[in-house]
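Engineer: Have a look; sequence and predicted model below, questions after that.
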Amino acid sequence: MGAASPFSVNVVNRDALRAADLAGHAVVVLHDAPLRGAVARALAEHVRAGAGLVVALGETSAPEAWEPALTALLPG
């Protein structure tokens, strides 16, 4: 069907995500997966260091569900 994709995708449940999982990833996509705690702060630092962040909001994405370190990176 064509050449192999130049992208590598790892799917990790938000409850299983660890700060070490972020290393080496240029972009992180959160799909209705608000994060709190140490992993959220690690993700915020990963983004501040140059990684991309795509956030798709959904039913569990209430503002109070997010770590303040991450909400600072979100628009609005």
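Structural biologist: Great, that's in hand.
Engineer: which residues of the protein fall in helices?
Structural biologist: Along the chain, counting by DSSP state H, helices occupy 38-48, 68-71.
Engineer: Mean pLDDT lowest where, among the ones you listed?
Structural biologist: Ranked by mean pLDDT, the helices of the chain bottom out at helix 68-71, which scores a mean of 89.
Engineer: what's it in contact with?
Structural biologist: By C-beta atoms under 8 Å, 6 or more residues apart in numbering, the residues outside helix 68-71 that reach it are 34, 35, 40, 41, 43, 44, 63. The C-beta positions use only the backbone N, C-alpha and C, and glycine is treated the same way.
Engineer: Going by distance to residue 5, which of the residues you listed wins?
Structural biologist: Comparing these against residue 5 with C-beta to C-beta places residue 43 closest, at 24.0 Å.
Engineer: Pull the number of nearby residues for the closest one.
Structural biologist: Applying other C-beta atoms under 10 Å, we find 23 residues neighbouring residue 43.
Engineer: need the contact list for it.
Structural biologist: Contact analysis of residue 43 by C-beta under 8 Å, 6+ apart lists 19, 22, 28, 35, 53, 70.
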